[in-house]
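Q: Give me a model of this one.
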Amino acid sequence: TTIRRCGNQATELSCPENMALSIVDAKYGRQAAVPTCGGSTSSTDCHAADSLPILRGMCEGEQHCTVAANGYTNIFGDPCPGTHKYLQTTYQCVESMNFCILKRGSSQ
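A: Residues are numbered from 1 along each chain as shown. Next comes the predicted model:
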């Protein structure tokens with residue numbers, strides 16, 4: 001599942017019962033020529049380099065996760081000041097039991 005939320009919209013990620021969020025990709029910024037969130041779609045192409053690890057740290061393994069609408073810049077920084085930005089997130093829901101096993105195996 002991929003969702004895109006403008007800076008004034010909360011990002012809500014959710015999985016069914018007994019499932020956990022697995023964050024596949026996350027980008028906070030703006031991709032050139034994507035007509036989203038107002039503003040110019042000119043040559044602006046920027047994103048916060050650490051969007052993915054930050055969002056994983058917040059949401060990975062949870063059943064539900066919300067990123068506040070007015071908190072994007074506080075969380076990810078401002079990769080392109082003065083430009084309308086959005087948070088694009090790709091995630092999947094995995095069985096909670098499998099997620100715990102994968103997480104435990106990766107730390108060894």
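
Q: can you pull the buried residues of the helix or strand where Y91 lies?
A: If you go by DSSP states H and E, Y91 is part of strand 86-95. For strand 86-95, a neighbour-count test (16 or more other Cβ atoms under 10 Å) marks Y86, L87, Q88, T89, Y91, C93 as buried. In short, each C-beta sits where N, CA and C put it, glycine included.

Q: by how many degrees do the top strand by length along the chain and strand 86-95 diverge?
A: Scanning the chain for the longest strand, with DSSP state E as the assignment, gives strand 19-30. For strand 19-30 against strand 86-95, the angle by axes from the mean of the first three to the mean of the last three Cα atoms, to 10 degrees is 170 degrees.

Q: Extract the residue ranges of this protein that are flagged as low pLDDT.
A: Within the chain, the ranges that satisfy pLDDT under 70 run 32-35, 39-43, 98-108.

Q: Would you mind pulling up the elements that the strand holding Y91 packs against?
A: Here strand 86-95 touches strand 2-6, strand 11-14, strand 19-30, helix 51-59, going by 3 or more Cβ pairs under 8 Å, 6 or more residues apart in numbering; DSSP states H and E.

Q: what's the most buried one of these?
A: strand 19-30 (a mean of 21; mean count of other Cβ atoms under 10 Å).

Q: Of the buried residues of strand 86-95, which is the nearest to Y72?
A: When those are ranked by distance to Y72 (Cβ to Cβ), L87 comes first, at 5.8 Å.

Q: Going along the chain from the longest strand of the chain, find the next helix or strand for me.
A: strand 46-47.

Q: thinking again about what came up before, what's the angle between the strand holding Y91 and strand 2-6?
A: Using the same axes, to 10 degrees: strand 86-95 against strand 2-6 is 150 degrees.

Q: So what are the sheet partners of strand 86-95 and their directions?
A: Using DSSP bridges, the strands paired with strand 86-95 are strand 2-6 (antiparallel), strand 19-30 (antiparallel).

Q: Centre of the chain to the longest one, how far?
A: For strand 19-30, the separation from the chain centroid amounts to 4 Å (computed by Cα atoms, centre = their mean, to the nearest Å).
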